[in-house]
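>>> Need coordinates for the below:
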Amino acid sequence: MRYLIAFFLPWLSLLLQGKILSGIICLFLQITIIGWIPAFIWAFTSLNRMYADRRTQKIVREIRKNN
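As a prediction, the model looks like this:
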């Protein structure tokens, strides 16, 4: 679902991640047709980074719990 939001409304995807300033800048990019493509790429990579950070934190917690 978040990937669909990142595709159609990149600025909303960033706002939902808690990145207020990035979401506002992304909204200005999305207003233009040419800027929509970088806005989508920005939102998509930001979403992937968020999921990667969650996985890393989960692994670190498990390692600390087992030691």
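>>> For this structure, which helix extends over the most residues?
helix 33-66 (DSSP state H).
>>> which of the residues in that helix are buried?
Ala39, Phe40, Trp42, Ala43, Phe44, Ser46, Leu47 (16 or more other C-beta atoms under 10 Å). Every residue, glycine included, has its C-beta placed from N, CA and C.
>>> try stretch 1-13
Ile5, Ala6, Leu9, Pro10, Trp11, Leu12, Ser13.
>>> from those, which is closest to Ile24?
Distance to Ile24, by C-beta to C-beta, is smallest for Trp11 among these, at 7.3 Å.
>>> ok, Ile33 to Asn48 distance?
24 Å (C-beta to C-beta, to the nearest Å).
>>> next one: Leu27
20 Å.
>>> Which ones among the buried residues of stretch 1-13 lie within strands?
Using DSSP state E, no member of the buried residues of stretch 1-13 falls in strands.
>>> okay if I get those as TSV plus pLDDT?
TSV is the format used below for the buried residues of stretch 1-13 (pLDDT from 0 to 100):
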residue	pLDDT
Ile5	87
Ala6	86
Leu9	88
Pro10	89
Trp11	89
Leu12	91
Ser13	90
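>>> Adding distance to Arg64 as columns, could you present these in JSON lines?
Formatted as JSON lines, the buried residues of stretch 1-13 follow (distance: C-beta to C-beta, whole Å):
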{"residue": "Ile5", "distance to Arg64": "33"}
{"residue": "Ala6", "distance to Arg64": "32"}
{"residue": "Leu9", "distance to Arg64": "37"}
{"residue": "Pro10", "distance to Arg64": "35"}
{"residue": "Trp11", "distance to Arg64": "36"}
{"residue": "Leu12", "distance to Arg64": "35"}
{"residue": "Ser13", "distance to Arg64": "31"}
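>>> Appreciated, that's everything.
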